[in-house]
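K.L.:
any chance you could fold what I've pasted below:
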Amino acid sequence: MRHLFWRECKALWHSPWQLALVSYIPLIGVLTLWWLFSAGLPRQLPVAVVDLDNSQISRMLTRQLSANAVITPRSFANKAVAIEAMRQAKVYALVILPYQLNKDLLTAQQPTIDIRYNSQFLLVGKLLSSQLQLSLAAGLTHIGEVKLLLKGANKATVDVSLTPISSQTTALFNRNNNYVSFLVPPILMALWQLLSMLVFVNSVNAELIPQGDRYYVAANIWPKVWVKIVFYSPIMLIHGGFIILWLYQYLALPASGSLLLLVLAQCFMLIALWLIVLVICMIMRDSARTVSFCTALFAPAFAFMGITFPVNDMPLLAQWWRLIMPSSHYIDSHVSVVSYGVGLPQVLVQISSYWAFLLLIPLLYLLGRHAQKIPSQAQAAKQINSGVNQ
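P.N.:
Numbers count the residues shown, from 1 in each chain. As a prediction, the model looks like this:
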(Lines give C-alpha, C1' and ligand atoms only; values in the text may rest on other atoms or scores of the structure.)
Protein backbone atom coordinates (compact mmCIF):
# COMPACT_ATOMS: atom_id res chain seq x y z
CA MET A 1 0.00 0.00 0.00
CA ARG A 2 2.87 2.38 0.71
CA HIS A 3 4.14 2.26 -2.86
CA LEU A 4 0.59 2.90 -4.13
CA PHE A 5 0.38 5.94 -1.88
CA TRP A 6 3.64 7.37 -3.22
CA ARG A 7 2.48 6.51 -6.72
CA GLU A 8 -0.61 8.64 -6.14
CA CYS A 9 1.52 11.49 -4.81
CA LYS A 10 3.71 11.42 -7.93
CA ALA A 11 0.66 11.27 -10.20
CA LEU A 12 -0.79 14.34 -8.48
CA TRP A 13 2.50 16.24 -8.68
CA HIS A 14 2.85 15.57 -12.41
CA SER A 15 -0.75 16.58 -13.23
CA PRO A 16 -1.06 20.40 -13.26
CA TRP A 17 -4.85 20.29 -13.65
CA GLN A 18 -5.34 17.83 -10.79
CA LEU A 19 -2.93 19.82 -8.62
CA ALA A 20 -4.92 22.98 -9.33
CA LEU A 21 -8.20 21.26 -8.41
CA VAL A 22 -6.90 20.30 -4.97
CA SER A 23 -5.07 23.55 -4.22
CA TYR A 24 -5.97 27.03 -5.44
CA ILE A 25 -9.09 26.51 -7.60
CA PRO A 26 -11.36 25.71 -4.60
CA LEU A 27 -10.01 28.75 -2.74
CA ILE A 28 -10.58 31.04 -5.72
CA GLY A 29 -14.09 29.65 -6.20
CA VAL A 30 -15.03 30.10 -2.54
CA LEU A 31 -13.73 33.65 -2.30
CA THR A 32 -15.23 34.67 -5.65
CA LEU A 33 -18.71 33.41 -4.80
CA TRP A 34 -18.56 35.08 -1.40
CA TRP A 35 -17.51 38.36 -3.03
CA LEU A 36 -20.44 38.18 -5.47
CA PHE A 37 -22.91 37.99 -2.57
CA SER A 38 -20.95 40.14 -0.11
CA ALA A 39 -23.44 43.01 -0.44
CA GLY A 40 -25.83 40.86 1.59
CA LEU A 41 -29.05 42.27 0.13
CA PRO A 42 -29.76 43.50 -3.43
CA ARG A 43 -30.12 47.26 -3.65
CA GLN A 44 -31.38 49.67 -6.30
CA LEU A 45 -32.80 47.02 -8.61
CA PRO A 46 -34.11 48.63 -11.83
CA VAL A 47 -37.90 48.55 -12.19
CA ALA A 48 -39.81 49.84 -15.21
CA VAL A 49 -42.65 52.26 -14.43
CA VAL A 50 -45.22 53.08 -17.10
CA ASP A 51 -47.32 56.05 -15.92
CA LEU A 52 -50.39 56.16 -18.16
CA ASP A 53 -52.25 58.55 -15.84
CA ASN A 54 -49.56 61.21 -15.29
CA SER A 55 -51.44 62.62 -12.34
CA GLN A 56 -50.41 63.88 -8.93
CA ILE A 57 -51.29 60.52 -7.36
CA SER A 58 -49.38 58.47 -9.95
CA ARG A 59 -46.31 60.66 -9.47
CA MET A 60 -46.66 60.27 -5.71
CA LEU A 61 -46.71 56.47 -6.09
CA THR A 62 -43.57 56.67 -8.23
CA ARG A 63 -41.85 58.68 -5.51
CA GLN A 64 -43.01 56.06 -3.02
CA LEU A 65 -41.20 53.42 -5.09
CA SER A 66 -38.08 55.59 -5.20
CA ALA A 67 -38.06 55.80 -1.41
CA ASN A 68 -37.58 52.03 -1.21
CA ALA A 69 -33.85 51.21 -1.11
CA VAL A 70 -34.39 48.01 -3.08
CA ILE A 71 -36.14 49.70 -6.03
CA THR A 72 -34.85 52.12 -8.66
CA PRO A 73 -37.79 53.23 -10.88
CA ARG A 74 -37.11 53.84 -14.56
CA SER A 75 -39.80 55.62 -16.59
CA PHE A 76 -40.97 54.16 -19.91
CA ALA A 77 -43.32 55.76 -22.40
CA ASN A 78 -45.43 52.68 -23.09
CA LYS A 79 -45.97 49.11 -22.00
CA ALA A 80 -44.45 47.46 -25.08
CA VAL A 81 -41.06 49.12 -24.61
CA ALA A 82 -41.07 48.29 -20.89
CA ILE A 83 -41.89 44.62 -21.54
CA GLU A 84 -39.08 44.38 -24.08
CA ALA A 85 -36.67 45.90 -21.54
CA MET A 86 -37.72 43.26 -19.01
CA ARG A 87 -37.18 40.48 -21.55
CA GLN A 88 -33.66 41.79 -22.15
CA ALA A 89 -33.04 41.84 -18.36
CA LYS A 90 -32.51 45.60 -18.37
CA VAL A 91 -35.18 45.79 -15.68
CA TYR A 92 -36.36 43.05 -13.32
CA ALA A 93 -39.96 44.14 -12.83
CA LEU A 94 -42.70 46.28 -14.37
CA VAL A 95 -45.33 48.54 -12.78
CA ILE A 96 -48.13 49.96 -14.94
CA LEU A 97 -50.12 52.81 -13.39
CA PRO A 98 -53.41 52.77 -15.36
CA TYR A 99 -55.12 55.65 -17.11
CA GLN A 100 -57.61 57.58 -14.92
CA LEU A 101 -56.02 56.17 -11.78
CA ASN A 102 -56.56 59.47 -9.97
CA LYS A 103 -60.22 59.68 -11.07
CA ASP A 104 -61.00 56.11 -10.08
CA LEU A 105 -59.51 56.55 -6.64
CA LEU A 106 -61.41 59.80 -6.02
CA THR A 107 -64.71 58.23 -7.16
CA ALA A 108 -64.26 55.13 -4.98
CA GLN A 109 -63.61 52.87 -7.96
CA GLN A 110 -61.14 49.97 -7.87
CA PRO A 111 -58.38 50.60 -10.41
CA THR A 112 -55.92 47.81 -11.23
CA ILE A 113 -52.19 48.47 -10.92
CA ASP A 114 -50.36 45.93 -13.08
CA ILE A 115 -47.24 44.49 -11.43
CA ARG A 116 -45.06 42.02 -13.30
CA TYR A 117 -41.66 40.56 -12.43
CA ASN A 118 -39.22 38.15 -14.03
CA SER A 119 -39.66 34.87 -12.15
CA GLN A 120 -36.55 33.42 -13.80
CA PHE A 121 -34.60 35.37 -11.18
CA LEU A 122 -36.16 33.50 -8.26
CA LEU A 123 -34.92 35.50 -5.29
CA VAL A 124 -34.82 38.86 -7.05
CA GLY A 125 -38.33 38.32 -8.37
CA LYS A 126 -39.66 37.31 -4.97
CA LEU A 127 -37.95 40.28 -3.30
CA LEU A 128 -39.24 42.80 -5.83
CA SER A 129 -42.77 41.38 -5.72
CA SER A 130 -43.02 41.92 -1.97
CA GLN A 131 -41.27 45.32 -1.97
CA LEU A 132 -43.38 46.71 -4.83
CA GLN A 133 -46.59 45.68 -3.11
CA LEU A 134 -45.43 47.16 0.21
CA SER A 135 -44.41 50.49 -1.35
CA LEU A 136 -47.59 50.88 -3.41
CA ALA A 137 -49.76 49.80 -0.48
CA ALA A 138 -48.13 52.44 1.72
CA GLY A 139 -48.86 55.15 -0.84
CA LEU A 140 -52.45 54.06 -1.44
CA THR A 141 -53.07 53.78 2.30
CA HIS A 142 -51.95 57.38 2.71
CA ILE A 143 -54.44 58.45 0.02
CA GLY A 144 -57.26 56.59 1.75
CA GLU A 145 -56.31 58.13 5.08
CA VAL A 146 -56.52 61.66 3.65
CA LYS A 147 -59.95 60.96 2.10
CA LEU A 148 -61.38 59.66 5.37
CA LEU A 149 -59.98 62.58 7.35
CA LEU A 150 -61.53 65.04 4.90
CA LYS A 151 -64.88 63.33 5.49
CA GLY A 152 -64.60 64.08 9.21
CA ALA A 153 -63.46 60.71 10.55
CA ASN A 154 -61.16 60.75 13.56
CA LYS A 155 -57.65 59.27 13.48
CA ALA A 156 -58.55 56.14 15.46
CA THR A 157 -61.45 55.34 13.14
CA VAL A 158 -59.25 55.88 10.10
CA ASP A 159 -56.61 53.45 11.34
CA VAL A 160 -59.21 50.77 12.05
CA SER A 161 -60.93 51.29 8.70
CA LEU A 162 -57.76 51.08 6.62
CA THR A 163 -55.97 48.35 8.56
CA PRO A 164 -58.52 46.41 10.63
CA ILE A 165 -55.92 43.70 11.25
CA SER A 166 -52.30 44.63 11.85
CA SER A 167 -49.66 42.00 11.17
CA GLN A 168 -46.02 41.72 12.17
CA THR A 169 -43.55 39.39 10.53
CA THR A 170 -40.57 38.35 12.63
CA ALA A 171 -37.94 36.19 10.96
CA LEU A 172 -36.69 33.44 13.26
CA PHE A 173 -33.59 32.93 11.10
CA ASN A 174 -31.73 35.32 8.80
CA ARG A 175 -33.48 38.27 10.41
CA ASN A 176 -31.65 40.84 8.31
CA ASN A 177 -32.52 39.04 5.05
CA ASN A 178 -28.80 38.68 4.43
CA TYR A 179 -28.12 36.74 1.25
CA VAL A 180 -24.65 35.75 2.49
CA SER A 181 -26.01 33.60 5.32
CA PHE A 182 -28.96 32.40 3.24
CA LEU A 183 -27.44 31.57 -0.15
CA VAL A 184 -23.66 31.36 0.13
CA PRO A 185 -23.36 28.22 2.35
CA PRO A 186 -25.43 25.92 0.07
CA ILE A 187 -23.83 27.40 -3.07
CA LEU A 188 -20.34 26.77 -1.70
CA MET A 189 -21.24 23.21 -0.69
CA ALA A 190 -22.58 22.55 -4.19
CA LEU A 191 -19.30 23.91 -5.60
CA TRP A 192 -17.29 21.76 -3.17
CA GLN A 193 -19.21 18.66 -4.26
CA LEU A 194 -18.58 19.44 -7.94
CA LEU A 195 -14.84 19.98 -7.39
CA SER A 196 -14.56 16.82 -5.29
CA MET A 197 -16.26 14.88 -8.06
CA LEU A 198 -13.83 16.23 -10.67
CA VAL A 199 -10.82 15.38 -8.51
CA PHE A 200 -11.92 11.78 -8.00
CA VAL A 201 -13.06 11.27 -11.59
CA ASN A 202 -9.71 12.45 -12.92
CA SER A 203 -7.85 10.16 -10.55
CA VAL A 204 -9.93 7.05 -11.36
CA ASN A 205 -9.84 7.73 -15.11
CA ALA A 206 -6.04 7.63 -14.95
CA GLU A 207 -6.32 3.89 -14.21
CA LEU A 208 -8.15 3.05 -17.43
CA ILE A 209 -6.22 0.95 -19.96
CA PRO A 210 -6.85 1.94 -23.59
CA GLN A 211 -7.08 -0.75 -26.25
CA GLY A 212 -8.29 0.35 -29.63
CA ASP A 213 -11.50 2.31 -29.26
CA ARG A 214 -12.28 0.94 -25.80
CA TYR A 215 -10.97 1.33 -22.27
CA TYR A 216 -10.48 -1.48 -19.79
CA VAL A 217 -9.93 -1.68 -16.04
CA ALA A 218 -6.86 -3.38 -14.60
CA ALA A 219 -7.31 -6.50 -12.49
CA ASN A 220 -5.71 -4.85 -9.44
CA ILE A 221 -7.89 -1.74 -9.55
CA TRP A 222 -9.44 -1.99 -6.07
CA PRO A 223 -6.28 -1.46 -3.96
CA LYS A 224 -5.59 1.61 -6.09
CA VAL A 225 -9.14 2.86 -5.56
CA TRP A 226 -8.88 2.48 -1.78
CA VAL A 227 -5.62 4.43 -1.81
CA LYS A 228 -7.27 7.18 -3.84
CA ILE A 229 -10.12 7.39 -1.32
CA VAL A 230 -7.71 7.57 1.61
CA PHE A 231 -5.50 10.06 -0.24
CA TYR A 232 -8.08 12.54 -1.53
CA SER A 233 -10.69 12.45 1.24
CA PRO A 234 -8.58 14.41 3.78
CA ILE A 235 -7.59 16.92 1.10
CA MET A 236 -11.18 17.68 0.15
CA LEU A 237 -12.29 17.68 3.79
CA ILE A 238 -9.71 20.39 4.44
CA HIS A 239 -11.40 22.50 1.77
CA GLY A 240 -14.82 21.68 3.21
CA GLY A 241 -13.61 22.64 6.68
CA PHE A 242 -12.18 25.88 5.29
CA ILE A 243 -15.64 26.77 3.95
CA ILE A 244 -17.18 26.19 7.39
CA LEU A 245 -14.49 28.20 9.19
CA TRP A 246 -14.61 31.00 6.64
CA LEU A 247 -18.38 31.40 6.94
CA TYR A 248 -18.98 30.87 10.65
CA GLN A 249 -15.70 31.96 12.22
CA TYR A 250 -14.13 34.63 10.01
CA LEU A 251 -17.36 36.11 8.63
CA ALA A 252 -19.11 35.34 11.95
CA LEU A 253 -22.36 34.21 10.39
CA PRO A 254 -24.81 32.98 13.04
CA ALA A 255 -24.51 29.27 13.87
CA SER A 256 -26.52 27.72 16.69
CA GLY A 257 -24.89 24.26 16.79
CA SER A 258 -21.43 22.69 16.79
CA LEU A 259 -19.44 23.11 13.57
CA LEU A 260 -17.76 19.73 14.13
CA LEU A 261 -21.09 18.09 13.32
CA LEU A 262 -20.95 19.71 9.89
CA VAL A 263 -17.52 18.17 9.29
CA LEU A 264 -18.93 14.77 10.27
CA ALA A 265 -21.77 15.23 7.78
CA GLN A 266 -19.22 16.19 5.12
CA CYS A 267 -17.38 12.90 5.66
CA PHE A 268 -20.50 10.87 4.89
CA MET A 269 -21.27 13.13 1.96
CA LEU A 270 -17.84 12.42 0.46
CA ILE A 271 -18.21 8.65 0.90
CA ALA A 272 -21.55 8.71 -0.92
CA LEU A 273 -20.03 10.88 -3.67
CA TRP A 274 -17.06 8.51 -4.15
CA LEU A 275 -19.43 5.52 -4.49
CA ILE A 276 -21.54 7.24 -7.14
CA VAL A 277 -18.48 8.34 -9.12
CA LEU A 278 -17.00 4.83 -9.00
CA VAL A 279 -20.21 3.27 -10.33
CA ILE A 280 -20.36 5.75 -13.20
CA CYS A 281 -16.66 5.22 -14.02
CA MET A 282 -17.07 1.43 -14.01
CA ILE A 283 -20.13 1.56 -16.25
CA MET A 284 -18.84 4.05 -18.82
CA ARG A 285 -15.09 3.38 -18.76
CA ASP A 286 -14.46 6.44 -20.89
CA SER A 287 -12.74 9.54 -19.55
CA ALA A 288 -14.59 12.19 -21.55
CA ARG A 289 -18.04 10.64 -21.20
CA THR A 290 -17.58 10.03 -17.48
CA VAL A 291 -16.58 13.65 -16.81
CA SER A 292 -19.45 14.96 -18.94
CA PHE A 293 -22.06 12.70 -17.32
CA CYS A 294 -20.91 13.42 -13.76
CA THR A 295 -20.81 17.16 -14.42
CA ALA A 296 -24.34 17.11 -15.84
CA LEU A 297 -25.50 15.04 -12.87
CA PHE A 298 -24.02 17.21 -10.10
CA ALA A 299 -23.99 20.69 -11.66
CA PRO A 300 -27.62 21.53 -10.66
CA ALA A 301 -27.05 20.43 -7.05
CA PHE A 302 -27.88 23.86 -5.61
CA ALA A 303 -31.28 23.95 -7.31
CA PHE A 304 -32.21 20.59 -5.73
CA MET A 305 -31.24 21.52 -2.17
CA GLY A 306 -34.66 22.97 -1.40
CA ILE A 307 -33.22 26.34 -0.30
CA THR A 308 -34.81 28.53 -2.95
CA PHE A 309 -37.64 26.21 -4.01
CA PRO A 310 -39.76 23.88 -1.83
CA VAL A 311 -38.83 20.23 -2.25
CA ASN A 312 -42.42 19.00 -2.06
CA ASP A 313 -43.42 21.25 -4.96
CA MET A 314 -40.74 19.84 -7.27
CA PRO A 315 -41.76 17.43 -10.06
CA LEU A 316 -41.45 13.77 -9.14
CA LEU A 317 -38.43 13.32 -11.43
CA ALA A 318 -36.67 16.25 -9.74
CA GLN A 319 -37.35 14.75 -6.31
CA TRP A 320 -35.79 11.45 -7.42
CA TRP A 321 -32.83 13.30 -8.90
CA ARG A 322 -32.46 15.16 -5.61
CA LEU A 323 -32.15 11.88 -3.70
CA ILE A 324 -29.13 10.96 -5.82
CA MET A 325 -27.32 14.14 -4.78
CA PRO A 326 -25.21 13.65 -1.62
CA SER A 327 -25.35 17.43 -1.12
CA SER A 328 -29.15 17.25 -0.76
CA HIS A 329 -28.74 14.89 2.19
CA TYR A 330 -25.98 17.04 3.66
CA ILE A 331 -27.91 20.30 3.49
CA ASP A 332 -30.57 18.92 5.84
CA SER A 333 -27.92 18.44 8.52
CA HIS A 334 -26.37 21.81 7.72
CA VAL A 335 -29.62 23.73 8.17
CA SER A 336 -30.50 21.77 11.32
CA VAL A 337 -27.15 22.46 12.97
CA VAL A 338 -26.79 26.10 11.91
CA SER A 339 -30.39 27.25 12.35
CA TYR A 340 -31.83 24.91 14.98
CA GLY A 341 -28.71 23.96 16.92
CA VAL A 342 -29.45 20.22 16.91
CA GLY A 343 -26.98 17.82 18.56
CA LEU A 344 -25.21 14.64 17.58
CA PRO A 345 -28.20 12.25 17.97
CA GLN A 346 -30.34 14.24 15.52
CA VAL A 347 -27.47 14.58 13.04
CA LEU A 348 -26.84 10.82 13.15
CA VAL A 349 -30.50 10.22 12.37
CA GLN A 350 -30.21 12.52 9.35
CA ILE A 351 -26.96 10.89 8.25
CA SER A 352 -28.75 7.54 8.22
CA SER A 353 -30.39 8.71 4.98
CA TYR A 354 -27.09 7.80 3.27
CA TRP A 355 -27.73 4.08 3.86
CA ALA A 356 -29.16 3.68 0.35
CA PHE A 357 -25.76 4.55 -1.13
CA LEU A 358 -24.33 1.42 0.51
CA LEU A 359 -26.31 -0.61 -2.03
CA LEU A 360 -23.80 0.62 -4.60
CA ILE A 361 -21.04 -1.49 -2.98
CA PRO A 362 -22.30 -4.90 -4.24
CA LEU A 363 -23.02 -3.26 -7.59
CA LEU A 364 -19.41 -2.06 -7.70
CA TYR A 365 -18.24 -5.59 -6.93
CA LEU A 366 -20.21 -7.01 -9.84
CA LEU A 367 -19.10 -4.24 -12.19
CA GLY A 368 -15.50 -4.73 -11.12
CA ARG A 369 -15.61 -8.46 -11.82
CA HIS A 370 -17.13 -7.87 -15.22
CA ALA A 371 -14.67 -5.10 -16.05
CA GLN A 372 -11.67 -7.25 -15.08
CA LYS A 373 -12.56 -9.85 -17.72
CA ILE A 374 -10.44 -8.13 -20.35
CA PRO A 375 -8.05 -9.55 -22.90
CA SER A 376 -4.69 -10.20 -21.31
CA GLN A 377 -2.97 -8.56 -24.27
CA ALA A 378 -4.44 -5.22 -23.18
CA GLN A 379 -2.15 -5.15 -20.15
CA ALA A 380 0.71 -6.54 -22.21
CA ALA A 381 0.25 -3.93 -24.90
CA LYS A 382 0.38 -1.19 -22.32
CA GLN A 383 3.60 -2.54 -20.88
CA ILE A 384 5.16 -2.93 -24.35
CA ASN A 385 4.22 0.60 -25.29
CA SER A 386 5.62 2.00 -22.07
CA GLY A 387 8.85 0.06 -22.68
CA VAL A 388 9.16 1.40 -26.24
CA ASN A 389 8.61 4.96 -25.03
CA GLN A 390 11.34 4.55 -22.47
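K.L.:
near Arg285, how many other residues are there?
P.N.:
Burial of Arg285 is recorded as 18 neighbouring residues (other Cβ atoms under 10 Å). Yep, even glycine has a C-beta here, placed from its N, CA and C like the rest.
K.L.:
number the residues from 32 up from this point.
P.N.:
Understood, numbering begins at 32; the last thing we discussed is Arg316.
K.L.:
residues contacting it?
P.N.:
By Cβ atoms under 8 Å, 6 or more residues apart in numbering, the residues touching Arg316 are 239, 245-248, 402.
K.L.:
need the strands for the stretch 32-181 of the chain, in chain order.
P.N.:
Using DSSP state E, counting those that start in this stretch, the strands of the stretch 32-181 of the chain run over residues 76-82, 102-106, 124-128, 145-148.
K.L.:
can you pull the poorly scored residue ranges out of the stretch 32-181 of the chain?
P.N.:
The stretch 32-181 of the chain contains residues with pLDDT under 70 at 70-72, 153-154, 173-181.
K.L.:
show me what contacts Pro57?
P.N.:
Pro57 is in contact with 222-223, 226, 270, 273, counting by Cβ under 8 Å, 6+ apart.
K.L.:
mind giving me the packing neighbours of the helix or strand encompassing Trp257?
P.N.:
Using DSSP states H and E, Trp257 maps to helix 252-276. In this structure, helix 252-276 makes packing contacts with helix 33-44, helix 55-67, helix 210-236, helix 290-315, helix 391-402, judged by 3 or more Cβ pairs under 8 Å, 6 or more residues apart in numbering; DSSP states H and E.
K.L.:
go again using 6 Å as the cut-off
P.N.:
helix 33-44, helix 210-236, helix 290-315 (3 or more Cβ pairs under 6 Å, 6 or more residues apart in numbering; DSSP states H and E).
K.L.:
for these, give me a markdown table that also has distance to Phe324.
P.N.:
Shown next, in a markdown table, are the helices and strands packed on helix 252-276 (distance: least, Cβ to Cβ, whole Å):
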| stretch | distance to Phe324 |
| --- | --- |
| helix 33-44 | 23 |
| helix 210-236 | 10 |
| helix 290-315 | 6 |
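K.L.:
so which of the ones you listed comes closest to Val342?
P.N.:
With Cβ to Cβ as the measure, helix 210-236 is the member of the helices and strands packed on helix 252-276 nearest Val342 (13.0 Å).
K.L.:
mean confidence for the closest one?
P.N.:
The pLDDT scores in helix 210-236 average 90.
K.L.:
for the next helix-or-strand element following that helix, list every residue counted as buried.
P.N.:
Using DSSP H and E, the helix or strand that follows helix 210-236 in sequence is strand 239-242. Of the residues in strand 239-242, 239-240 count as buried by neighbour count, 16 or more other Cβ atoms under 10 Å.
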